[in-house]
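Novice: below are the sequence and a predicted model; questions follow.
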Amino acid sequence: MASDSRSFHFVLVHGACFGGWCWYKVADLLMKDGLTVSSLDMAGQGIDTTDADQVSTLEQYNQPLTDFFNALPSHHKVILVGHSAGGFNLTYTMERFPHKIAAAVFVTALMTLSGATAFDSLNEILSRIGNFGDSTFSFANGEENKPTSLKFGKQFSQQFLLQNTPSSDICLTDSLLKKCPLLQGALSYTKENYGQVLRAYVVAKEDKLLPEEFQRKMIAENPPQMVYEIEGSDHSPFFCKPDRLANILLKIATRCLCN
C-alpha cells in the first residue's frame, strides 16, 4: 500500500455475544501492514463488566464507541468496521459522527433501513433459521415481557456461526462468548448524516446465520457504494478467512484515498 493509506485508523466492532477479541487475526494482519487498529468492547461484551441485562438501549450499548469518537481529534477520520449485529453500532455512530468516518464497512452485518428495531432483525433471522437451538434467553423484567439478553449456545454457534472456522478458534469462542443485550427502540438515521458516509458491504458466501440471500436483500434495499465477497466464509470471516478480509479492508482504505 502507499504510505499515505497507512495513516488510516481501523476501528473494529464485534457482533452479538462476541468482543473485541474476535478480531485478533485481522488486527494482527492490518498492524503488520503499518495500520492503526482499535478493537472495542461494547457495553456488557468482551471484558466490559456491565451487566448485559441492564443495557436496554442502543445508546447505552454503544457508549464505548461513542466515548471513543468523542475523544478523537476533530481532524481524525477512521474506517469503521462492524460484524453482524455490530451493523447497528455502525449505523448509530455514522448518524452522529459522519465527519469522523472515512468509510463504514458492514461485514456480513445488519444494514437495516431507518426505523428498524433489533427485534425486527431477530425475527427476520428466526424466519430463516427456525430457532436458536441451545442458545439461552434471559428475562430480567419477567417472562411476561420481552427477553433482555441472548447468549448463543455451543452447538448453535458451531452450526450457524463457526462451521468453517478452525477448531482452535471454536475453542476460544466457547470460552469467551457472553450474553448480549436485546435492545429496545428503533434505529433511525438521515441522508444528511448517515447518507454521507462511504459504505461497503462484505458478503460471507457460506454464512448460515445471515444467509447470502438475506445479505443481498439488505444490499438491494440500502445500496452501499462497494460490495465484496468472501468465498467459503461462514458467519465469522475474521476466523475462517482473515487474510481475505484484511485484504478487502486494505482495498477500502486505498479507495478512501481517492475520495
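Specialist: On my side now, so go ahead.
Novice: now the helices for the stretch 101-250 of the chain?
Specialist: For the stretch 101-250 of the chain, applying DSSP state H, counting those that start in this stretch gives helices covering 118-129, 154-156, 167-176, 212-221, 237-240, 242-257.
Novice: starting at the chain centroid, how far to the fifth one?
Specialist: Looking back up the chat, that one is helix 237-240. Relative to its chain's centre, helix 237-240 lies at 13 Å (Cα atoms, centre = their mean, to the nearest Å).
Novice: pLDDT of that helix, averaged?
Specialist: Mean per-residue pLDDT for helix 237-240: 98.
Novice: can you check the third one too?
Specialist: The average pLDDT within helix 167-176 is 98.
Novice: just stretch 203-214 next, same as before
Specialist: Stretch 203-214 comes out at a mean pLDDT of 98.
Novice: give me every residue that touches the residue of the chain most remote from its centre.
Specialist: Among residues of the chain, the one most distant from the C-alpha centroid is residue 144; the distance is 29.9 Å, by Cα atoms, centre = their mean. Applying Cβ atoms under 8 Å, 6 or more residues apart in numbering to residue 144 gives no contacts. All C-beta spots, glycine's among them, are computed from the backbone N, C-alpha and C.
Novice: hmm, back to that, and of the helices of the stretch 101-250 of the chain, who's closest to residue 25?
Specialist: Residue 25 lies closest to helix 242-257 among these, at 3.7 Å (Cβ to Cβ).
Novice: between the closest one and helix 167-176, how big is the angle?
Specialist: On the basis of axes from the mean of the first three to the mean of the last three Cα atoms, to 10 degrees, helix 242-257 is oriented at 80 degrees to helix 167-176.
Novice: helix 242-257: how far from the chain's middle?
Specialist: Relative to the chain's own centre, helix 242-257 is displaced by 16 Å; criterion: Cα atoms, centre = their mean.
Novice: please apply the same query to stretch 150-167.
Specialist: Counting by Cα atoms, centre = their mean, stretch 150-167 comes out at 16 Å from the chain centroid.
Novice: how about stretch 243-256: buried residues?
Specialist: Neighbour counts over stretch 243-256 (16 or more other Cβ atoms under 10 Å) mark 244, 245, 246, 248, 249, 250, 252, 253, 255, 256 as buried.
Novice: picking up where we left off before, please identify the most buried of the helices of the stretch 101-250 of the chain.
Specialist: helix 237-240 (a mean of 25; mean count of other Cβ atoms under 10 Å).
Novice: thinking again about what came up before, and the furthest pair within the buried residues of stretch 243-256?
Specialist: 244 and 256 (19.2 Å).
Novice: give the contact list for residue 119.
Specialist: 146, 182.
Novice: how close does it sit to residue 94?
Specialist: Distance, residue 119 to residue 94, using Cβ to Cβ, to the nearest Å: 21 Å.
Novice: what strands line up against whatever helix or strand residue 37 lives in, and which way round?
Specialist: Using DSSP states H and E, residue 37 falls within strand 36-40. Using DSSP bridges, strand 36-40 pairs in its sheet with strand 9-13 (parallel).
Novice: which residues touch the partner strand?
Specialist: Against strand 9-13 from outside (Cβ under 8 Å, 6+ apart): 20, 23, 26-27, 30, 35-40, 42, 65, 68, 76-83, 86, 89-90, 249, 253.
Novice: gap between that strand and the chain center?
Specialist: On Cα atoms, centre = their mean, the centre of strand 9-13 falls 10 Å from that of its chain.
Novice: next: stretch 226-234.
Specialist: Distance of stretch 226-234 from the chain centroid (Cα atoms, centre = their mean) equals 15 Å.
Novice: state the mean pLDDT of it.
Specialist: On average, the pLDDT along stretch 226-234 is 98.
Novice: next, the buried residues of that stretch.
Specialist: For stretch 226-234, the buried set under the neighbour-count rule, 16+ other Cβ under 10 Å, comprises 228, 230, 233, 234.
Novice: and if you look at stretch 75-86?
Specialist: For stretch 75-86, burial by neighbour count (16+ other Cβ under 10 Å) applies to 77, 78, 79, 80, 81, 82, 83, 84, 85, 86.
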